[in-house]
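Peer 1: Pasting the sequence and the predicted model now:
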Amino acid sequence: MSLSVDFMGIKLKNPIIVAASPLSGNGSMISKAIDAGAGAVVTQTIANEVRLNVRPRIAANSLGMQNIELYSNITLEEWEREIYYVKEKDAVVIANILAHTPSEMAYIAKKVERFGVDAIELGISIPHGEGVELLISNIQRLYNLTKMAVDSVNIPVMVKLSPNVSNLTELAKVVEEAGASAISAIDTIRAIIGVDIDKGKAMLPTYGGYSGEGIRPIALATVAGISQAVKIPVSGIGGIENYKNVIEYIMLGASTVQLCTSLIMNGYGRINEILGDLENWLEHKGFNSLDEIRGQALSSLKSFEEISIEPYIAKVSNVCNMNDCNICIKSCMYGAISTKNDIIVIDDSKCTGCGLCVSLCKKKFIYLDW
């Protein structure tokens, strides 16, 4: 059984990539990620312009993190030394680059290719600063940016897309038409993480990008939609906390996954933890590679018109005496779940088969049937 994947023609020892972020801001930080077991690392966004980091710039809550950092604070020329340092370890390095015109994009792409990177990721969907409004809301401009970058280098080019747009499927198709080798999704979501109500001030001084567990459902839907729309591979990003999340992305069509927030909050040890659990799960299920499960869940997704209405109602498979919780009772808006002699019972005449209790039952005692 092997965790290795072929991504954009590059052989990776496993599907975990460290995403463009403060975690990959220089050669030393990238090296730490590689030593921790990552299959590849994407650099922090490289641009012609260097901006000083504002303070504060990162805030977190229980479901994720808001970040208002824009680009790397290392100049384009200085990145040559940083990349050379990492490549001495035979690491797979993907340069995330940002430019505002096709010619500038081509210029930076050529530069980083000469520095020795294995591939390029166009970081054109950052939701703060000048990102989404200027760079990818226009289909023709996205095509030109991608096309110019692709034509200027001899290494794979991946384009990072965002859910902060209404025409995502069209954008994915345009990227493919422009010659991109892959799509990564999703970039962070435009957000304000919260307000200090005592001071009457936002926790961070501007809109930023939100990442982490809270965005995973949005990211999964985006990856599935892109996977159904294009033939080029997808790198799934957003809220990956454990091996199950990796499998979710791959079953919805992703070839690789990118981690950031989980590593910031829990440390690099999370990489080996996920890889170990992933390998154990695959072996237990009898799979020899990730290719065997890639896209497996896509066939279960239908348009609303294709869904048949079945007479499902909730059933209880085991005796549950609520010692641990009663969340099914609290959440049943139809009043179909109650207790009898301290045992959970379901009233068939009231249950509408909505499925909420099934998803909430930690013991998996509740299921739908008719």
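Peer 2: All right, it came through fine. As the structure is a computational prediction, the values presented were derived from the model and not from experiment.

Peer 1: and for the longest helix seen in the chain, what are the contacting residues?
Peer 2: For the chain, the helix reaching the highest residue count under DSSP state H is reported as helix 269-285. Applying CB atoms under 8 Å, 6 or more residues apart in numbering, the contact partners of helix 269-285 are 1, 3, 14, 16, 33, 36-38, 240, 242-243, 246-247, 259, 262-263, 288-290, 293. In this view, the C-beta of every residue, glycine as well, is placed from N, C-alpha and C.

Peer 1: ok, now with 6 Å
Peer 2: Met1, Asn14, Ile16, Ala36, Gly37, Ala38, Tyr243, Val246, Ser262, Leu263 (CB atoms under 6 Å, 6 or more residues apart in numbering).

Peer 1: Can you name the residues that contact the last one?
Peer 2: If I follow you right, that is Leu263. Arg270.

Peer 1: cutoff 10 Å now
Peer 2: Shown in contact with Leu263 (CB atoms under 10 Å, 6 or more residues apart in numbering): 16, 18-19, 21, 23, 32-33, 36, 38, 240, 269-271.

Peer 1: Quick check: it vs Gln66, distance?
Peer 2: 17 Å (CB to CB, to the nearest Å).

Peer 1: what's the answer for the first one, then?
Peer 2: When distances are taken as CB to CB, Met1 and Gln66 turn out to be 38 Å apart.

Peer 1: who's more crowded, those two?
Peer 2: Taking other CB atoms under 10 Å, Met1 and Gln66 do not tie; Gln66 has more neighbours (27 against 13).

Peer 1: Quickly list what that one is bridged to.
Peer 2: In this entry, Gln66 is beta-bridged to Ala59, Tyr210, by DSSP bridges.

Peer 1: need the contact list for it.
Peer 2: 57-60, 128, 188-194, 202-204, 206-212.

Peer 1: In helices only, show me these.
Peer 2: Per DSSP H, those never map to helices.

Peer 1: Can you say which of those residues are buried?
Peer 2: When the contacts of Gln66 are checked for burial by 16 or more other CB atoms under 10 Å, the buried set is 57-60, 128, 188-191, 193, 202-204, 208-212.

Peer 1: Could you list the low-pLDDT ranges of the stretch 201-350 of the chain?
Peer 2: 321-324 (pLDDT under 70).

Peer 1: Now do the strands in it.
Peer 2: Per DSSP state E, counting those that start in this stretch, the stretch 201-350 of the chain carries strands over the ranges 201-202, 208-211, 234-237, 256-259, 313-316, 337-340, 343-346.
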